[in-house]
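Enquirer: only the shape, not the letters, is given here:
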């Protein structure tokens, strides 16, 4: 029973993994406002939606190869390898193949905390829920006094991809734990017999 429940959670994890890496994890907006003696000018400096795959692509384009590769490996490759091993272990009729696949899941499972680490990095970098700066100057030109106020406002918010990826992390962890529990309980029963 635990094996099938673990497989169920692993399949759910795989299903929500795809939107988790495609949909925006965060929305980042930065606006600038310039006020010159009562006349106000507004401009949007940055307006981005960041998904995991979009971020990897942007980092790669910006020649930040190591960071792009690490995010891709820990957020895309390892989860897919883990899902493939779970499927192989669940559907294989050969007990040796199943045991090897579950061993791979357990080994890869230790790396699954890197998924959470990637999300934590996103949160740390973009945790400016509401950040505002202002700089005020007064200029005197030919006897005229000009008051200039330049301010920026940065807002970030969590996107749907964040919740899908978080759901993937939790469902994947549950699936791995249930499969591991099934394996350990089966081994214990075999030793008793």
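Expert: Ah, there it is. In this text the structure is predicted, and so the values were computed from the model without any measurement. Residues are numbered from 1 along each chain as shown.
Enquirer: every contact and neighbour count from this point should use C-alpha atoms.
Expert: Will do.
Enquirer: pLDDT of stretch 56-71, averaged?
Expert: For stretch 56-71, mean pLDDT rounds to 88.
Enquirer: quick check: mean pLDDT of the helix or strand that contains residue 133?
Expert: In the assignment (DSSP states H and E), residue 133 maps to strand 131-141. Mean pLDDT, computed over strand 131-141, is 73.
Enquirer: state which strand of the protein is the longest.
Expert: Longest strand of the chain, by residue count under DSSP state E: strand 144-158.
Enquirer: what comes up buried for that one?
Expert: Buried residues in strand 144-158, defined by neighbour count with 16 or more other C-alpha atoms under 10 Å: 148-158.
Enquirer: what sits against residue 77?
Expert: Residue 77 makes no contacts at all, as judged by C-alpha atoms under 8 Å, 6 or more residues apart in numbering.
Enquirer: check residue 103 too.
Expert: Residue 103 neighbours (C-alpha under 8 Å, 6+ apart): none.
Enquirer: quickly find the element holding it.
Expert: Using DSSP H and E, residue 103 falls in helix 95-109.
Enquirer: contacts for stretch 39-55, please.
Expert: 20-35, 68, 71-72, 75, 161.
Enquirer: and these, which of them are in helices?
Expert: With DSSP state H as the criterion, helices contain 20-22, 68, 71-72, 161 from among the contacts of stretch 39-55.
Enquirer: which one of those residues is nearest to residue 174?
Expert: Lowest distance from residue 174 to the ones in helices among the contacts of stretch 39-55 (C-alpha to C-alpha) belongs to residue 20, with 17.3 Å.
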